[in-house]
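Q: Attaching a predicted model along with its sequence, questions to come.
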Amino acid sequence: MLRLCCQHPPALEVMLNAYDHVPPAEGWVGDVPPELWEEHREFYTSAVHMAGQPRRLQHLARWAIRCHLGARCHSAVPRLALPPTLRRYLQLPIEGLIS
């Protein structure tokens with residue numbers, strides 16, 4: 001699946017954020033055209049750098065909450081009694097980086 005998404009950075013970011021560990025890059029990195037890599041260098045570099053690494057504790061907490069909410073995630077998070085910045089973080093916005 002990562003091979004299918006690797007040429008569209010926002011889709012690849014969504015896919016990589018679905019894991020508690022960033023999957024190895026060997027399976028998809030060779031399919032990224034050089035001009036696309038240059039255009040999104042910061043994103044691809046961060047994804048390769050994090051490959052095989054566990055995610056930060058902050059991301060793992062978000063991941064656990066989203067897993068717990070399951071299919072209700074997108075409707076439940078906006079209704080949580082949380083500060084707007086925390087709700088936005090839980091909604092997993094596209095940031096253009098993997099950290």
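A: All right, it came through fine.
Q: Show me which helix runs longest in the protein.
A: The longest helix of the chain (DSSP state H) is helix 57-69.
Q: which residues of the chain fall in helices?
A: 2-5, 9-16, 34-39, 41-50, 57-69, 73-76, 84-90.
Q: so which of these comes closest to residue 25?
A: For these, proximity to residue 25 was assessed by Cβ to Cβ; helix 41-50 is nearest, at 4.7 Å. Where C-beta positions appear, they are placed from N, C-alpha and C, glycine not excepted.
Q: Give me the helices and strands touching that closest one, please.
A: Counting contacts by 3 or more Cβ pairs under 8 Å, 6 or more residues apart in numbering; DSSP states H and E, helix 41-50 is packed against helix 9-16.
Q: what would the helices of the chain look like in TSV with mean neighbour count?
A: As requested, the helices of the chain are exported to TSV (neighbours: other Cβ atoms under 10 Å):
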stretch	mean neighbour count
helix 2-5	15
helix 9-16	18
helix 34-39	11
helix 41-50	17
helix 57-69	13
helix 73-76	12
helix 84-90	13
